[in-house]
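>>> Sequence first, then the predicted structure:
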Amino acid sequence: MTQDQPHTAASLADDLRSLGLAAGDTVLVHTSVRAIGFVAGGVQAVVQALLDVLGRKGTLVVPTHTPSNTDPVDWSKPPVPADWWPIIRAQSPGFDPLRTPSQWVGILPETVRCWPGARRSEHPQVSFAALGARATAMTDDHPLDEPFGERSPVGAVYRSYGKVLLLGCGHHRNSSLHLAESRQELAPMADYGSSVRGRDGTAYWATWVAADQDVSDFDEIGAAFEATGAVTVGTVGEAEARLMPQRELVDFATGWMGSRPGKTL
């Protein structure tokens, strides 16, 4: 479908306000910038639109994950030879919040990560970046064994009564549902490992145990939550967008998973 005219930071801000995003909000955003269509100024204008709506008292949070910084024993796309594994573990430079680019989460999170004043959490696999009034509170505590748990940035959004915005993408990208996973009494656990850059500049291999991450039922959970009427669906640029209260989403998903143990356990 051909656009009538370019979208702008101002027009996108109007769309976001019509969707229900407001000044002072804390919002965790998952995006497909391509779905928005042509924007004058590109991704920079999209970030600016979000910041303009949130204002100086609001906070923008985005995933800045680094999924390649994992144990090579689990790699399959593509796999690497077993005799490479110890070299990869020993010689990777190590995750650094300032140096390590995000991967496979889209161009907008990487733009936010590099924005003046951005803060980034220190988890070597599933870090988040934030801009705004509560950026430090969103990112300053992110333990290895709580990638999406209570003390993670996702948990910080929950404590702040924040919102989730899915902009051009579906619930399979909705990382807040992992918080519900971590709250399951019998949540399956998994082993994880990453290269981490220490304070002295040297890298070391860190390992931990945390709740297993499984997105296979996220679209089903998201559809069930939408059926409650708690999600506002609209258009931002050319993209279908969904805005929802994160606390209600997580509480709903926690109960949903708990009532269907065969789906998650």
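In hand now; what should we look at? Residues are numbered from 1 along each chain as shown.
>>> Would you mind checking the average pLDDT for stretch 181-188?
This predicted structure assigns stretch 181-188 an average pLDDT of 92.
>>> same deal with stretch 151-158?
98.
>>> Run through who's touching that stretch.
Outside stretch 151-158, the residues within contact range by CB atoms under 8 Å, 6 or more residues apart in numbering are 26, 28, 61, 121, 123, 126, 128, 130, 134, 137-139, 141-143, 146, 148-150, 164, 175-176, 178-179, 246-247, 250. In this view, the C-beta of every residue, glycine as well, is placed from N, C-alpha and C.
>>> Weed out the non-buried ones from those.
In these, burial by neighbour count holds for 26, 28, 61, 121, 123, 126, 128, 130, 134, 137-139, 141-142, 146, 148-149, 164, 175-176, 178-179, 246-247, 250, counting by 16 or more other CB atoms under 10 Å.
>>> Grab the most central residue of this structure for me.
What sits nearest the mean C-alpha location of the chain, by CA atoms, centre = their mean, is P63, with 3.1 Å.
>>> who's in contact with it?
Listed by CB under 8 Å, 6+ apart, the contact partners of P63 are H30, S102, V105, P109, V126, S127, F128, S175.
>>> Skip the chain neighbours and tell me the closest residue to it.
V105 (4.9 Å; CB to CB, 6 or more residues apart in numbering).
>>> what about the strands in the stretch 151-265 of the chain?
163-167, 189-197, 203-211, 232-236, 239-245 (DSSP state E, counting those that start in this stretch).
>>> which outside residues touch the fourth one?
Residues outside strand 232-236 that contact it (CB under 8 Å, 6+ apart): 12, 15-16, 18-20, 36, 167-168, 226, 240-244.
>>> tell me which of those is nearest to V80?
Lowest distance from V80 to these (CB to CB) belongs to G168, with 32.8 Å.
>>> Now list the buried members of the contacts of strand 232-236.
Listed as buried from the contacts of strand 232-236 are L12, D15, L16, L19, I36, L167, G168, E226, A241, R242, L243, M244; burial here means 16+ other CB under 10 Å.
>>> Redo those as a markdown table? Include distance to A90 and pLDDT.
Putting those into a markdown table (distance: CB to CB, whole Å; pLDDT from 0 to 100) gives the following:
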| residue | distance to A90 | pLDDT |
| --- | --- | --- |
| L12 | 45 | 98 |
| D15 | 49 | 98 |
| L16 | 46 | 99 |
| L19 | 48 | 98 |
| I36 | 42 | 98 |
| L167 | 39 | 98 |
| G168 | 40 | 98 |
| E226 | 47 | 98 |
| A241 | 44 | 98 |
| R242 | 43 | 98 |
| L243 | 45 | 99 |
| M244 | 43 | 98 |
